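1. Pasting the sequence and the predicted model now:
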Amino acid sequence: MNAVADAPITFRAAVTADIPAIVTLVESAYRGDVSKQGWTTEADFLEGQRTDPDSVAALIARGYSRILLAERDGELVCCCHIERLQQDGRNIGYFGMFAVDPRLQGGGVGKQVLAEAERIAKVEWNCDEMQMTVITVRETLIAWYERRRYVRTGVLKPFPYGDERFGIPTRDDLQFEVLAKAL
């Protein structure tokens, strides 16, 4: 392995100056040929963008919202968005925009970032549950989350067809399912 792959992961919250690197990482993990180097690609059923600078900036600016960055020797290798939501009088963590450099997928970086996101939600924001939405055709990804004690809730949400901010679908059967985990 190279020195960067052997270096420990460090975490920090994203700032505005990180936006271009975040967008590049997210796009590389989900869209286009580069994403096919990893196993989390959506390129087989979604084209177009996965995120954009304005959307990332809005997440950074929002209260009880954080884009968590994972770096090795100063190099961005993974990111995710976490947010504290209120639901039925409870604090619920929301996890999304999870992206691992395709060259590093399967090497444990994602597990570390998910664990840190869960820690922030539980310890810093007093959340008792983490939720996320995953496209239902992503069975391999759903299985990865299930191995980390997330459960399928059966709550389905429609895919935002016609809103190119979320990509351009190449099939008409896309929908999201809410996954949840007690913290």
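-> Now that the structure is in, tell me what you want to look at. These numbers come from a predicted model, not from an experiment.
2. so A13 touches L68, yeah?
-> Yes. The pair A13 / L68 is scored as a contact, 6.6 Å apart, by C-beta atoms under 8 Å. (Glycine included, C-beta is placed from N, CA and C.)
3. Just want to know which of those two has more residues nearby.
-> L68 (21 against 13; other C-beta atoms under 10 Å).
4. any idea how far K157 is from that one?
-> 23 Å (C-beta to C-beta, to the nearest Å).
5. One more: A7?
-> 38 Å.
6. more crowded one of those two?
-> Each of A7 and K157 has its neighbours counted (other C-beta under 10 Å); A7 has more, 15 against 11.
7. quick one: the more buried one and A70 touch, right?
-> No. With contact defined as C-beta under 8 Å, A7 does not reach A70; the gap is 11.3 Å.
8. Grab the nearest non-local neighbour of the most centrally placed residue in the chain.
-> The structure's the chain has its C-alpha centroid closest to F98; by C-alpha atoms, centre = their mean the separation is 1.6 Å. Distances taken as C-beta to C-beta, 6 or more residues apart in numbering place C80 nearest to F98, at 4.4 Å, with adjacent residues excluded.
9. Please list all residues in contact with that neighbour.
-> 67-68, 95-99, 113-114, 117 (C-beta atoms under 8 Å, 6 or more residues apart in numbering).
10. export those residues to a markdown table and tack on distance to E27 and secondary structure?
-> Output for the contacts of C80, formatted as a markdown table (distance: C-beta to C-beta, whole Å; DSSP: H, G, I helix; E, B strand; the rest coil):
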| residue | distance to E27 | secondary structure |
| --- | --- | --- |
| I67 | 15 | strand |
| L68 | 18 | strand |
| F95 | 19 | strand |
| G96 | 15 | strand |
| M97 | 11 | strand |
| F98 | 14 | strand |
| A99 | 8 | strand |
| V113 | 18 | helix |
| L114 | 21 | helix |
| A117 | 20 | helix |
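11. Sheet partners, orientation included, of the longest strand seen in the chain?
-> Ranked by residue count under DSSP state E, the longest strand found in the chain is strand 75-87. In the sheet, strand 75-87 lines up against strand 65-72 (antiparallel), strand 90-100 (antiparallel) (DSSP bridges).
12. Let's have those in JSON lines, adding mean pLDDT and distance to L46.
-> Formatted as JSON lines, those follow (pLDDT from 0 to 100; distance: least, C-beta to C-beta, whole Å):
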{"stretch": "strand 65-72", "mean pLDDT": "97", "distance to L46": "21"}
{"stretch": "strand 90-100", "mean pLDDT": "97", "distance to L46": "14"}
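13. now the ones you listed as TSV including distance to P53?
-> Shown next, in TSV, are the strands paired with strand 75-87 (distance: least, C-beta to C-beta, whole Å):
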stretch	distance to P53
strand 65-72	12
strand 90-100	13
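14. residues contacting V178?
-> By C-beta under 8 Å, 6+ apart, the neighbours of V178 are 131-133, 153, 155-157.
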